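In: Quick one, fold the following:
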Amino acid sequence: MFTGLVEATGTIDAVRSEGSARRLRMASALAAELRPGDSIAVNGVCLTVTAQSATHFDLDVSPETLRVTTLDTADAGRVVNLERPLRADARLGGHFVLGHVDGVGRIASFERDGDCYWLSVDVPSHLMRYFISKGSVAIDGISLTIARLDRGSIAAQIIPFTWQHTSLAHAKAGDRVNLEVDVLGKYVERLLAAQDEAATPIAGLAGKR
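Out: Here you go, the predicted model:
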């Protein structure tokens, strides 16, 4: 489990195909603190460290993860957001982030507003029902507050610190981004659906005693 508070950025140093999967070699100041087997969120995608040195670490990306995230187009030189899992004794900032991407959006606009920025992202239609005004969303692993809901898009305001310390410093309109909706909304939806299913008579048994 993560919080969406990015610890550091990393730069993809090399990408190697492994059949239908991929292996990423990442350069980051966090490398020295990692060990093989550790989990780490890369642009909001929970991955496992497979090898590590003082300056680099390796990650294997499965075909399914490539299919449903932006890592399918991750090339050498790309800057990504990194976060290690939440410790049980740590303060909880941001919101609960699982590292399980729900869909891929596209930056519609990224415009300066004084010292801050407005980030607008077009999102898949099937995810819009999970977003609420002032609710939480993870965009490329960054915990953000939804400031505005439009038809087919969400918008968040980015403070200078977030811009300076995440991959948003390199973002532009047209870029694809990973989206993870607030997990609480998905649980509520599933519980309500289960209640409806339980209340629906089974075909052929309705009215029988």
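
In: CA only for contacts and neighbour counts going forward, please
Out: Will do.

In: which residues touch the most centrally placed residue in the chain?
Out: By CA atoms, centre = their mean, the chain has its centre lying nearest to residue 44, at 3.1 Å. By CA atoms under 8 Å, 6 or more residues apart in numbering, residue 44 lies in contact with 4, 81-82, 99-101, 138-142, 178-180.

In: for stretch 132-148, what is the average pLDDT?
Out: For stretch 132-148, mean pLDDT rounds to 97.

In: Just the residues contacting that stretch, thanks.
Out: 3-6, 41-45, 81-82, 94-95, 97, 99, 131, 149, 154-157, 177-182.

In: Only the C-alpha atoms, please, for it, written as CSV.
Out: In CSV, the C-alpha atoms belonging to stretch 132-148 read as follows (Å, rounded to 0.1, in the frame of the first residue of the first chain):
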residue,chain,number,x,y,z
ILE,A,132,-16.2,13.4,-7.0
SER,A,133,-15.4,17.1,-6.4
LYS,A,134,-12.7,17.4,-3.7
GLY,A,135,-12.1,13.7,-3.9
SER,A,136,-8.8,11.9,-4.3
VAL,A,137,-7.1,10.5,-7.4
ALA,A,138,-3.6,9.1,-8.1
ILE,A,139,-2.2,10.4,-11.4
ASP,A,140,1.0,8.7,-12.3
GLY,A,141,1.2,7.8,-8.6
ILE,A,142,0.8,11.3,-7.3
SER,A,143,-2.0,11.8,-4.8
LEU,A,144,-4.1,14.8,-6.0
THR,A,145,-7.4,16.5,-5.0
ILE,A,146,-10.0,16.8,-7.8
ALA,A,147,-10.8,20.5,-8.0
ARG,A,148,-13.1,20.4,-11.0
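
In: In CSV, please show the C-alpha coordinates belonging to stretch 151-164.
Out: Coordinates of each C-alpha in stretch 151-164 appear next as CSV, following Å, rounded to 0.1, in the frame of the first residue of the first chain:
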residue,chain,number,x,y,z
ARG,A,151,-17.7,16.0,-18.9
GLY,A,152,-15.1,13.3,-19.6
SER,A,153,-12.3,15.0,-17.7
ILE,A,154,-11.0,15.9,-14.2
ALA,A,155,-8.8,18.8,-13.2
ALA,A,156,-6.4,19.3,-10.3
GLN,A,157,-4.3,22.3,-9.2
ILE,A,158,-0.6,21.6,-8.9
ILE,A,159,1.5,23.5,-6.3
PRO,A,160,5.1,24.5,-7.1
PHE,A,161,6.6,21.8,-4.8
THR,A,162,4.7,19.0,-6.5
TRP,A,163,5.7,20.3,-9.9
GLN,A,164,9.4,20.5,-8.9
